[in-house]
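[1] Kindly generate the corresponding structure for this input.
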Amino acid sequence: MNLFDVYPLIDVTPVKASGANIWDEAGNQYLDLYGGHAVISIGHTHPHYVKRITEQLNSIAFYSNSVKIPIQKDYAMHLGRLSGYPDYELFLCNSGAEANENALKLASFETGKDTFIAFKGAFHGRTSGVVAITDNPKIVAPFNSHHKVHFISFGDLEAVEKALQNGQIAGIIIEGIQGVNGIRVPDGEFVTSLSDLANRYGAKLILDEVQSGFGRTGKFFAHQWIAGLRPDLITVAKGMGNGFPIGGVLINPEIKASYGLLGTTFGGNHLACAAGLAVLEVIESEKLMDNALIQGEWLMEQLSSNAGITDIRGKGLMIGLDLDREAGPVRSELVHKFRIFTGSSAGKNTIRLLPPLSIGQEALHLFLESLQAVLTLTEA
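    Predicted structure coming up:
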């Protein structure tokens, strides 16, 4: 049996990893500035992470949510404290798409309404409900297209309010920072106004922090750069498990739970929670949010003087670079000539940088030198 061929693959076979480095089967070392789509938050094979998972595996790896699982409560308490949302409740699942599906469901249950506002350039996942609120018609199958969604441009509050006036909007969903669309940071006043409008018209505000959460921007969540913002629902995954599949929804206590409202077989299993706890413990003990902010600001300042870069956007270690040429050949040269992984974007001229939050300046210096060399060698 062959694999279903849906991924354009880089011609590299990783067999070992540590920190921000990966080694292929021939022993070649690569610098990972993409973290597998922002998943590797605390670094590959962090010793504490490995220890936590191994100890849990030697105890109990899994049982379903039909029994008490104390590590879930331990995880929720630690997440609440570190994230600044100790009074919220947590629903655990397996991925960002699942987290967003469940957030949409909760908003619809809570309001009794069936339509959502999303934003142009958005990416929220590939399952049925969230692919419909993802602004990419190529990945929306006919089956998905029955969902009711208004796609609105960042900043267009008039269009948001007009959509809300029909009385059928269950929620507004927005990414803390748009990732796939090339690291687009929403204006803080705009997001605050979205929250005000949602409250006024009885809709729920959903912050998708799947890519931008867990310290990546220098705060636990990207939306926490906006003073006083308190979303109804916050969705998380990616950096949450550092490679182990785990996702979740942080739920405002005003939204009440009831038996059977949501459910999952694998979500919040013992191993997933052990991985999640290890991530939180390392983020806190190694001050990785501080490091993300310091290194990100330094890197963006250094990049600003590079010829061939037309725009730099982002926060912390979530950075988008617009080039004066197509990014594909540049990324290919970085991988094959300098052994550095970077990320693509919906924009053909954009490179995404999403390295482990533990990255140091020596590695970033190497990237800067390599990027300048590639931009000098390739044609604009």
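[2] distance of the residue nearest the centre of the chain from T54?
    Residue closest to the mean C-alpha point of the chain, counted by Cα atoms, centre = their mean, is Q211 at 0.9 Å. Here Q211 is placed at a distance of 28 Å from T54 (Cβ to Cβ, to the nearest Å). Just so you know, the C-beta spots here come from the backbone N, C-alpha and C atoms, and that holds for glycine as well.
[3] Okay, strands next: where are they in the stretch 201-350 of the chain?
    Taking DSSP state E, counting those that start in this stretch, the strands of the stretch 201-350 of the chain run over residues 204-208, 233-236, 247-251, 309-315, 318-323, 340-341, 350-353.
[4] what would those look like in JSON lines with mean pLDDT and mean neighbour count?
    Shown next, in JSON lines, are the strands of the stretch 201-350 of the chain (pLDDT from 0 to 100; neighbours: other Cβ atoms under 10 Å):
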{"stretch": "strand 204-208", "mean pLDDT": "98", "mean neighbour count": "29"}
{"stretch": "strand 233-236", "mean pLDDT": "98", "mean neighbour count": "29"}
{"stretch": "strand 247-251", "mean pLDDT": "98", "mean neighbour count": "27"}
{"stretch": "strand 309-315", "mean pLDDT": "97", "mean neighbour count": "18"}
{"stretch": "strand 318-323", "mean pLDDT": "98", "mean neighbour count": "23"}
{"stretch": "strand 340-341", "mean pLDDT": "98", "mean neighbour count": "22"}
{"stretch": "strand 350-353", "mean pLDDT": "98", "mean neighbour count": "25"}
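[5] Nearest to R331 among those would be which one?
    Closest of the strands of the stretch 201-350 of the chain to R331 is strand 350-353, at 6.3 Å (criterion: Cβ to Cβ).
[6] and the closest one, how far from the chain's centre?
    14 Å (Cα atoms, centre = their mean, to the nearest Å).
[7] ok, then the element right after that strand?
    Next helix or strand after strand 350-353 toward the C-terminus (DSSP states H and E): helix 361-377.
[8] Same question for that next one: list its buried residues.
    Buried residues in helix 361-377, counted by 16 or more other Cβ atoms under 10 Å: 363-364, 367-368, 370-372, 374-375.
[9] closest to P245 among those residues?
    Closest to P245, out of all of these and judged by Cβ to Cβ, is A363, at 26.7 Å.
[10] Output the strands of the stretch 201-350 of the chain in TSV; the columns should cover distance to V15.
    Output for the strands of the stretch 201-350 of the chain, formatted as TSV (distance: least, Cβ to Cβ, whole Å):
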stretch	distance to V15
strand 204-208	33
strand 233-236	29
strand 247-251	27
strand 309-315	31
strand 318-323	28
strand 340-341	15
strand 350-353	24
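[11] Quick one: closest of those to M77.
    strand 247-251 (12.9 Å).
[12] Which residues does the closest one contact?
    The contact list for strand 247-251 (Cβ atoms under 8 Å, 6 or more residues apart in numbering) reads 79, 83, 85, 88-99, 102-103, 106, 210, 232-237, 240, 257, 267.
[13] now the angle from it to strand 204-208?
    Angle, strand 247-251 to strand 204-208, by axes from the mean of the first three to the mean of the last three Cα atoms, to 10 degrees: 150 degrees.
[14] roughly how far apart are S83 and T217?
    13 Å.
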